[in-house]
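K.L.:
when you get a sec, could you give me coordinates for this:
(2 chains)
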Amino acid sequence: MIELDHVSKSYGARDSVSDLSFTVDKGAFCAVVGPSGSGKSTTLRMINRLIEPGAGRIRINGEDIGSLPREALRRRIGYAIQSVGLFPHWSIADNIATVPRLLKWPEERVQQRIDELLSLLQLNPATRDKFPHQLSGGQQQRIGVARALAADPEVLLMDEPFGALDPITREALRRELSRIHQSTGKTILFVTHDIDEALQLADVIAVLRDGKLVQYGTPMQLLLQPANDFVRDFMGGETLGLKLLALRQVAERVKPEPVPGEPIAPETSLAEALSQMVLRRTSRLPVRSAGGGAGGSIGLSDLVA
Amino acid sequence: MMPRHRVLFVLVLAAIACCALGGFVNEAPNRLVSGQPIMLWQADTGLSVGLAILAAALLALSIRGPAIAALIVGTAGLLLLVAAAGHMATSLTAGAPPAARVSLGWAFWASGFCLAMSVVDALQRMRAGYLRVLATALVIVGAIVALVFTGTFDALSIAREYVARRGEFAAELVRHCMLVAIAVLLAVVIGAPLGLYVSRRPQRSSGIFGALNLLQTIPSVALFGILIAPLSALGVGGIGAVPAIIALVLYSLLPVVRNTEAGIVGVDPGVIDAARGMGLTSAQILWRIELPLGLPVFLAGLRIVTVQAIGLTIVAALIGAGGLGSFVFQGIGQYAIDLVLLGALPTIGLALAADFVLSLLAAFFERSRA
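P.N.:
Purely as a prediction, here's the structure:
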């Protein structure tokens, strides 16, 4: 659990973050979104004290982080950034082992942990002895994530980790991160300016503007009840309805009226179902049943209901 | 027909032209007069025919041919040229009075330079790695050393000068190396922490770099002179090794400080951010990240400083610090060019060797981080 309690930070006369308060529950995936200069990165970097807050308190699992030695705090928190920052003169194994070795784990356990992480991130075991420049951008960021997870931290801080990757690699890594979040139950704070990324990954989203919290809620709350025009525009304005469809599954709206044709899966998103209707030039699609019994269907009017 | 390798073509033509037009060696009745030029073909038919054949082969290779062939023929040509000079001196001095001298003429230096450049050109065309460059250098140096020990050059004037100062030469060579080593070591001990300081406090950099730049603009002779008065006042003595080392250190500081700073500042900020975010302490970041990653740039600075100090130490002889410069200035005083060469040639050799060894070291560290 991460609690921000009236946190402020100013540079000169300008407030970078002002009076920010929100709580991220244990095991939650929180996306911090906002335009450039809204204080997203500053907020993230105050949590591992790369930036010291000017005022307010930050607590992790109830413990005030200001009371901990800085290096000890950082070794308890995973940290992944857009530029990855792998150490170019260290092998991949040594890069991953950075924090476990700082924590003086026995070498046997370090080696075991490297193997675990390579398989968790679905990387070839031969990657171990390679050097960062021998890997593609996507592989480097996988190593960056593995390195952040190495010492099994309670909290993972990620600052636009997939921002520099091509769309296909980015999508693959988002799925990977979703899977890792579900399997490890880490509390993740994820900074991004890409609202689609936030909607796809997060349980809860904090929208920042000019260093202030504009709205804090689940993706559905933000789409259905945007706090103001800024949030509405940021969430996508005209295309807001399509984003809502992307968050919901066919299973919620399926009707027990079988129709012929190739059925779609019940966990398909409503947005994809709409796309299929357009492609197949039909207003009703067959849906495979979840339990294996008789299937149903979904119609164009069911999407809006 | 256009030659494919124009650089080699021009170099070989220039070498041939030099040997055709200029004196290959000079023959004089004693060491103080300049003597008269002897052409390459005048003294020894066998060697000049051999050289002509190699030159023709190199010309053919410049029109079309592999770089490795140009490397081998060029190296052979260079060695034969050097041997020819020694051989000519031997035959010219045979039966001459002992005061007679045979010294190297400008055609020897010019054509030797052209052939050496053709070897360098061939190595570059081969994209030779350090191992091949090292092998070529060892072959050339080894062959010349072998020629020295078989007495090929004994009749040359420069060898006569050496024989007359054998003990002195070894002592001055060691002294020269010691002056350079102490100065470079001190420059690193002072300059590396200063470079580190400047990298941490960029706002102080313009003042420090301004002062170091100013030092570089003082002519070396003037700096050696300027130090005499204040050091005498301090009781250290204005002449000798101490002021020489102080001046050499002052000259060496700028490249050491600048390259240390550039090496550290040049480390990817993302790497530093990640290191801090993972909980490395400032000292751990310095020793494990910044210094290893900045090392190649630092070594490049060390290379500049070492080569520069080897050359500058020549001037240090003027204030009584000794070293190979003492031969140079004695030679100038006596108008004995071969004595000047006895100081200058080993200095050039030292500078080339230091440059090569340090670039090898830099390449090694560059590669180990691949």
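K.L.:
use CA for all of it now, contacts and neighbours both
P.N.:
Noted.
K.L.:
please work out which residues outside stretch A:134-152 touch it.
P.N.:
Stretch A:134-152 is contacted by residues A:75-81, A:84-86, A:92, A:95-100, A:113-114, A:117-118, A:121, A:123, A:132, A:156, A:161-162, A:165, A:169-170, A:173, B:278 when judged by Cα atoms under 8 Å, 6 or more residues apart in numbering or on different chains.
K.L.:
what about the residues you listed, which are in strands?
P.N.:
Under the assignment DSSP state E, these contribute A:Ile77, A:Gly78, A:Tyr79, A:Ala80, A:Ile81, A:Leu156 to strands.
K.L.:
PyMOL command to pick out the buried ones of the contacts of stretch A:134-152?
P.N.:
Selection of buried members from these for PyMOL, criterion 16 or more other Cα atoms under 10 Å in any protein chain shown:
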select buried, (chain A and resi 75+76+77+78+79+80+81+84+85+86+92+95+96+97+98+99+100+113+114+117+118+121+123+132+156+161+162+165+170+173) or (chain B and resi 278)
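K.L.:
ok, back up a step: let me have the ones in strands among the contacts of stretch A:134-152 in TSV, extended by pLDDT.
P.N.:
Shown next, in TSV, are these (pLDDT from 0 to 100):
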residue	pLDDT
A:Ile77	95
A:Gly78	95
A:Tyr79	96
A:Ala80	95
A:Ile81	94
A:Leu156	95
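K.L.:
just name the closest of these to chain B, please.
P.N.:
Checking the ones in strands among the contacts of stretch A:134-152 against chain B with Cα to the nearest Cα, the nearest one is A:Tyr79 at 6.1 Å.
K.L.:
please enumerate the helices of the stretch 101-250 of chain B.
P.N.:
With helices called from DSSP state H, counting those that start in this stretch, the stretch 101-250 of chain B shows them at B:106-125, B:130-149, B:157-164, B:166-200, B:205-217, B:220-234, B:241-265.
K.L.:
deepest-packed of these, please.
P.N.:
With neighbours taken as mean count of other Cα atoms under 10 Å in any protein chain shown, the helices of the stretch 101-250 of chain B reach their highest mean count in helix B:241-265, at a mean of 24.
K.L.:
out of the helices of the stretch 101-250 of chain B, which is closest to A:Ser18?
P.N.:
helix B:166-200 (30.0 Å; Cα to Cα).
K.L.:
now do that closest one against helix B:157-164, angle only.
P.N.:
What separates the directions of helix B:166-200 and helix B:157-164 is an angle of 100 degrees, with axes from the mean of the first three to the mean of the last three Cα atoms, to 10 degrees.
K.L.:
going by contacts, tell me the helices and strands next to helix B:166-200.
P.N.:
Secondary-structure packing of helix B:166-200 (3 or more Cα pairs under 8 Å, 6 or more residues apart in numbering or on different chains; DSSP states H and E): helix B:205-217, helix B:241-265, helix B:291-316.
K.L.:
how about A:Lys9, secondary structure?
P.N.:
Classification of A:Lys9 using DSSP: H, G, I helix; E, B strand; the rest coil returns strand.
K.L.:
model confidence score at it, please.
P.N.:
pLDDT for A:Lys9: 91.
K.L.:
got it, and B:Trp41?
P.N.:
On pLDDT, B:Trp41 comes in at 80.
K.L.:
you'd agree it is up against B:Gly50?
P.N.:
No. Between B:Trp41 and B:Gly50 there is no contact under Cα atoms under 8 Å: 10.9 Å.
K.L.:
need the overlap of contacts for these two.
P.N.:
With Cα under 8 Å, 6+ apart as the test, B:Trp41 and B:Gly50 reach no residue in common.
K.L.:
out of the ones in strands among the contacts of stretch A:134-152, which two sit at the greatest distance?
P.N.:
Checking these with Cα to Cα, the most distant pair is A:Ile77 and A:Ile81, at 13.1 Å.
K.L.:
which one is the residue of chain B found nearest chain A nearest to, not counting chain neighbours?
P.N.:
At 3.9 Å from chain A, B:Val271 is the closest residue in chain B, using Cα to the nearest Cα. With sequence-adjacent residues excluded and distances taken as Cα to Cα, 6 or more residues apart in numbering or on different chains, B:Val271 is closest to A:Gly85, at 3.9 Å.
K.L.:
what parts of chain B come near chain A?
P.N.:
B:268-281, B:289, B:292-293, B:368-370 (Cα under 8 Å from any Cα of the partner chain).
K.L.:
which of those residues are buried?
P.N.:
B:268, B:270-280, B:289, B:292-293, B:369.
K.L.:
show me these that map onto helices.
P.N.:
Those of those mapping onto helices are B:Gly270, B:Val271, B:Ile272, B:Asp273, B:Ala274, B:Ala275, B:Arg276, B:Gly277, B:Pro292, B:Leu293, per DSSP state H.
K.L.:
which strands and helices sit next to the helix or strand containing B:Gly343?
P.N.:
Counting by DSSP states H and E, the secondary-structure element that holds B:Gly343 is helix B:337-368. Here helix B:337-368 touches helix B:157-164, helix B:291-316, helix B:325-334, going by 3+ Cα pairs under 8 Å, 6+ apart.
K.L.:
remind me what the second one packs against, helices and strands.
P.N.:
When you say that, I think you mean helix B:291-316. helix B:166-200, helix B:220-234, helix B:241-265, helix B:325-334, helix B:337-368.
K.L.:
same check, this time on the first one
P.N.:
The criterion is 3+ Cα pairs under 8 Å, 6+ apart, and the helices and strands that helix B:157-164 contacts are strand B:101-104, helix B:337-368.
K.L.:
if you compare these, which one is most tucked away?
P.N.:
Taking mean count of other Cα under 10 Å, strand B:101-104 is the most buried of the helices and strands packed on helix B:157-164, at a mean of 26.
K.L.:
and the residue of chain A that's closest to chain B?
P.N.:
A:Gly85 (3.9 Å).
K.L.:
in this structure that residue contacts B:Ala274, no?
P.N.:
Yes. Contact criterion Cα under 8 Å: A:Gly85 and B:Ala274 qualify, at 5.5 Å.
K.L.:
rewinding a little: got the angle for the helix holding B:Gly343 vs helix B:157-164?
P.N.:
90 degrees.
K.L.:
what mean pLDDT does helix B:337-368 have?
P.N.:
87.
K.L.:
make sure B:Asn26 is indeed in a helix.
P.N.:
No. Applying three-state DSSP, one finds B:Asn26 to be strand, outside a helix.
K.L.:
that one: what's its closest spatial neighbour, skipping adjacent residues?
P.N.:
B:Asn26 sits nearest to B:Pro37 (Cα to Cα, 6+ apart), 4.4 Å away.
K.L.:
next SSE downstream of the helix or strand where the one you found lies?
P.N.:
In the assignment (DSSP H and E), B:Pro37 maps to strand B:36-38. Next helix or strand after strand B:36-38 toward the C-terminus (DSSP H and E): helix B:40-43.
K.L.:
so what touches that following helix?
P.N.:
B:Cys19, B:Ala20, B:Gly23, B:Phe24, B:Val25, B:Ser48, B:Met88, B:Ser91, B:Leu92.
K.L.:
hang on, B:Tyr130 packs against B:Leu360?
P.N.:
Yes. With contacts counted by Cα under 8 Å, B:Tyr130 reaches B:Leu360, the gap being 6.9 Å.
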